[in-house]
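Participant: Structure for this input, please:
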Amino acid sequence: MKDLRHIRFEIPRIDASIPVIIIGAGGIVKDAHLPAYQLAGINVKGVFDLNSAKAEAAARQFEIPIVYTTMEQLVAENKNNCIYDVAVPGNQIVSVLSQLPEDSFVLMQKPMGENEQQADEILRLCRRKNITAGVNFQMRYAPYILMAKQMMAEGLLGQICDFEIYVNVYTPWDLWDFLRGAERVEILYHSIHYIDLIRNMLGEPKDIFAKTVRHPKMAELQEVKSNIIMDYGEFLRVNINTNHCHGFGLHNQDAFVKIEGTKGAVKIKLGLLMNYPKGIEDTFECILSDEPTPSWTQLPIKGSWFPHAFIGSMYEMIKTKQGIISRPDNAVEDSIKTMRLVEKAYDTNF
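Facilitator: As a prediction, the model looks like this:
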């Protein structure tokens with residue numbers, strides 16, 4: 001049996017001297033951003049939210065030294081000597097960026113606006129103000145995804161010929177009030193992660209096609225189920241299949257990423273999505289066909305999508321501000337390509 005003990009995730013050692021300022025103190029910040037930053041020793045200096053009670057509650061829970069009362073105070077006290085973590089809805093990103101100083105470093109929550117036009121406006125604004133910005137497409141950095149990337153980089157799976165993401169769960173959309181009345185839901189706020197992940201791992205597709213639909217018991221929402229095909233030519237099938245309305249208990253819920261190559265395969269159970277928000281255990285299984293007696297083997301996972309993947313998104317910004325890399329992996333210049341694929345997916349919806 002091939003020794004695969006080196007296929008693992010370790011929390012990176014991060015220089016804590018660069019302060020992070022949080023703008024927006026909603027559920028995703030308290031459930032993912034701040035727990036991730038605590039794990040990695042990232043220095044969160046202050047927090048701001050239009051709802052001051054939310055900011056104060058986050059500061060108490062995570063021992064954040066400063067609660068800012070206005071954006072003006074926040075900018076005046078930090079200028080461009082920090083990384084701004086902007087965790088607001090997509091349609092508010094332009095307003096926040098407009099108030100931040102030139103030459104600043106910004107990590108913005110996904111999506112990069114609510115449509116391609118807003119994404120283009122964000123990109124233009126970042127270029128005009130010389131803002132180094134990344135988008136929090138954090139699934140790229142989930143522990144089990146980094147493990148799969150290791151195996152692919154070492155050629156253990158051979159030529160990738162099948163990439164499937166399957167989600168059949170019950171998602172309590174009511175946890176996110178802003179989605180009521182939103183013009184777009186499932187692809188823009190969920191499957192966007194999978195579209196981004198696939199292009200990050202496989203490169204740019206030739207095309208994308210989608211069918212996305214609503215559910216009669218969730219009539220207050222737009223689409224909540226999707227079938228998406230990404231075209232990578234005649235030797236590679238790429239499918240995303242999501243149903244967030246399986247309200248029949250945990251027994252037949254399922255969520256996984258499956259990657260097949262000519263030499264091996266990986267199947268990752270996305271336990272976080274099942275019985276959400278409590279979740280169940282993730283698993284990482286792999287098989288290598290060049291073994292004498294190939295069999296599925298389960299490798300240990302250290303961490304999950306929430307909160308561990310959020311370390312990677314911010315680490316890209318920290319490395320860039322330190323000068324270790326010239327541009328973050330999740331830069332707006334890269335993320336705009338994900339937004340354009342999302343737009344095209346909606347355009348092809350029939």
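Participant: lowest average confidence, helix or strand, in the protein?
Facilitator: helix 27-28 (a mean of 92; mean pLDDT, DSSP states H and E).
Participant: Who are the packing partners of the following helix or strand past that helix?
Facilitator: Per DSSP states H and E, the first helix or strand lying C-terminal to helix 27-28 is helix 34-40. Judged by 3 or more C-beta pairs under 8 Å, 6 or more residues apart in numbering; DSSP states H and E, helix 34-40 is in contact with helix 52-62, helix 309-322. C-betas here are computed from N, CA, C, even on glycine.
Participant: Helices of the chain, residue ranges please.
Facilitator: Assigned by DSSP state H, the helices in the chain fall at 27-28, 34-40, 52-62, 71-78, 93-99, 116-128, 143-153, 186, 192-202, 309-322, 332-348.
Participant: For beta bridges, what are the partners of the closest residue to Tyr84 other than its chain neighbours?
Facilitator: Residue nearest to Tyr84 in three dimensions, not counting chain neighbours: Val106, with 4.7 Å by C-beta to C-beta, 6 or more residues apart in numbering. Going by DSSP bridges, Val106 is paired in beta bridges with Tyr84, Ala133.
Participant: how many neighbours does Val106 have?
Facilitator: Counted by other C-beta atoms under 10 Å, the residues lying close to Val106 total 26.
Participant: next one: Lys45
Facilitator: Lys45 has 18 neighbouring residues, counting by other C-beta under 10 Å.
Participant: what's the answer for Leu250, then?
Facilitator: Residues near Leu250, counting by other C-beta under 10 Å: 12.
Participant: do Glu72 as well
Facilitator: Number of residues near Glu72 (other C-beta under 10 Å) recorded here: 10.
Participant: Same check on the one 3 residues further on?
Facilitator: Around Val75 sit 18 other residues, with neighbours defined as other C-beta under 10 Å.
Participant: Next, the contact list for it, please.
Facilitator: Val75 is in contact with Gln99, Leu100, Pro101, counting by C-beta atoms under 8 Å, 6 or more residues apart in numbering.
Participant: Can you list the buried residues in stretch 22-35?
Facilitator: Buried positions in stretch 22-35, judged by neighbour count with 16 or more other C-beta atoms under 10 Å: Ile22, Ile23, Gly24, Ala25, Gly26, Ile28, Val29, Lys30, Ala32, His33, Leu34, Pro35.
Participant: so the second one makes contact with Leu97?
Facilitator: Just to be clear, that refers to Ile23. No - using C-beta atoms under 8 Å, Ile23 makes no contact with Leu97, being 10.1 Å away.
Participant: Now do the shared contacts for these two.
Facilitator: Taking C-beta under 8 Å, 6+ apart as the contact rule, Ile23 and Leu97 both touch Val86.
Participant: who does Asn168 bridge with?
Facilitator: Bridge pairing for Asn168 (DSSP bridges) gives the partners Asn243, Asp254.
Participant: mind checking how far it is from Glu220?
Facilitator: Distance, Asn168 to Glu220, using C-beta to C-beta, to the nearest Å: 22 Å.
Participant: These two: who's more crowded?
Facilitator: With neighbours defined as other C-beta under 10 Å, Asn168 and Glu220 compare such that Asn168 has more, 18 against 11.
Participant: any idea how far the more buried one is from Lys30?
Facilitator: 28 Å.
Participant: Please apply the same query to His193.
Facilitator: Computed as C-beta to C-beta, the His193 to Lys30 distance reads 20 Å.
Participant: I'd say Asn78 and Ile21 touch.
Facilitator: Yes - using C-beta under 8 Å, Asn78 is in contact with Ile21, at 5.7 Å.
Participant: C-alpha coordinates for stretch 184-201, CSV please?
Facilitator: Output in CSV follows, covering the C-alpha atoms of stretch 184-201 (Å, rounded to 0.1, in the frame of the first residue of the first chain):
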residue,chain,number,x,y,z
ARG,A,184,-30.9,35.1,-7.4
VAL,A,185,-30.2,32.5,-4.7
GLU,A,186,-28.8,29.0,-5.3
ILE,A,187,-26.1,29.5,-7.9
LEU,A,188,-25.1,33.0,-6.7
TYR,A,189,-24.9,32.1,-3.0
HIS,A,190,-24.1,28.4,-3.0
SER,A,191,-23.1,26.7,-6.2
ILE,A,192,-20.8,29.6,-7.0
HIS,A,193,-18.4,27.9,-4.5
TYR,A,194,-18.4,24.8,-6.7
ILE,A,195,-18.0,26.7,-10.0
ASP,A,196,-15.1,28.6,-8.5
LEU,A,197,-13.5,25.4,-7.0
ILE,A,198,-13.7,23.6,-10.3
ARG,A,199,-12.1,26.3,-12.4
ASN,A,200,-9.5,26.7,-9.7
MET,A,201,-8.6,23.0,-9.9
